[in-house]
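Engineer: kindly generate the corresponding structure for this input.
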Amino acid sequence: MRRRDGGPATVTRPVQDQAESASRAACQGLTAAGFSVPRTVRDLSELYLTWGMASREETPDGTHWSMPAVLPLPGDLLTLDAELTKRLDEIRWTMRTGPLVDTLINHLVDAGEPQEILTSLDRLASATSQDADNVRLALAELVQSGDARVQRGQEPADAERLEAHQRFRLVMDWDHFHEHRLQVSLGD
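Structural biologist: Presented below is the predicted three-dimensional model:
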């Protein structure tokens with residue numbers, strides 16, 4: 001993503017504090033569940049084996065490691081408090097929707113940051129080379145975070161329930177967007 005003034009993006013102290021807090025919480029969760037905090041790759045691999053997140057097979061050609069196609073959620077392995085569970089859910093949502101939102105926002109920035117556009121999921125999907133379901137998720141995130149509104153006529157519309165062909169108005173709040181989102185720009 002691009003920063004509005006074109007300058008370099010930096011990681012702010014609150015972001016660093018959140019990362020350190022998450023690391024401490026993870027260590028506390030492990031020890032509270034009776035596991036030691038891994039200090040080496042071997043420790044980590046043994047923990048993965050214990051949790052079923054990895055398996056290994058000794059063969060004449062050496063050790064073969066594999067992982068399941070879908071990893072268990074942290075709450076499936078550890079007892080987590082409600083606050084940490086909520087935070088992890090938010091991180092998963094951001095990891096899923098972040099790239100989708102970035103693609104949509106880059107399209108809108110390239111279009112001159114319009115305050116409002118009349119469009120459809122199909123049109124946005126075509127313009128961003130995404131499928132309509134991914135555009136729907138990106139819109140839902142923008143609406144949920146207060147960066148945009150979706151309307152059909154003068155009435156609010158639920159971004160998650162739009163049909164791909166339905167036309168709607170996407171109303172952006174660019175001031176809110178730029179105030180609340182960290183935007184990283186790679187050199188051009």
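Engineer: next up, the contacts around residue 77.
Structural biologist: With contact set as CB atoms under 8 Å, 6 or more residues apart in numbering, residue 77 has these partners: 33, 51. Backbone N, C-alpha and C define where each C-beta goes, glycine included.
Engineer: how about residues contacting the strand or helix carrying residue 126?
Structural biologist: Assigning secondary structure by DSSP states H and E places residue 126 in helix 121-128. Helix 121-128 is touched from outside by 103-104, 106-107, 130-132, 134-136, 139, 162-166, with contacts defined as CB under 8 Å, 6+ apart.
Engineer: greatest separation within these: which pair is it?
Structural biologist: 106 and 163 (24.8 Å; CB to CB).
Engineer: about what we covered before: tell me which of the contacts of helix 121-128 is nearest to residue 45?
Structural biologist: Nearest member of those to residue 45, counting by CB to CB, is residue 134, at 33.9 Å.
Engineer: buried sites along the helix or strand of the chain with the lowest mean pLDDT?
Structural biologist: Within the chain, no helix or strand scores below helix 13-32, which has a mean of 76 by mean pLDDT, DSSP states H and E. Within helix 13-32, the residues that count as buried by 16 or more other CB atoms under 10 Å are 25, 29, 30.
Engineer: save those residues as CSV, and put in distance to residue 180 too.
Structural biologist: Formatted as CSV, the buried residues of helix 13-32 follow (distance: CB to CB, whole Å):
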residue, distance to residue 180
25, 24
29, 29
30, 32
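Engineer: of these, which is the nearest to residue 148?
Structural biologist: Distances from residue 148 to the buried residues of helix 13-32, taken by CB to CB, are shortest for residue 25, at 31.4 Å.
Engineer: in this structure the closest one contacts residue 84, no?
Structural biologist: Yes: counting by CB atoms under 8 Å, residue 25 does reach residue 84; the two are 5.5 Å apart.
Engineer: name the single longest helix found in this structure.
Structural biologist: helix 82-110 (DSSP state H).
Engineer: poorly predicted segments of the protein, please.
Structural biologist: 1-15, 182-188 (pLDDT under 70).
Engineer: let me know the outermost residue of it.
Structural biologist: residue 60 (41.3 Å; CA atoms, centre = their mean).
Engineer: what separation do you get for that residue and residue 69?
Structural biologist: 26 Å (CB to CB, to the nearest Å).
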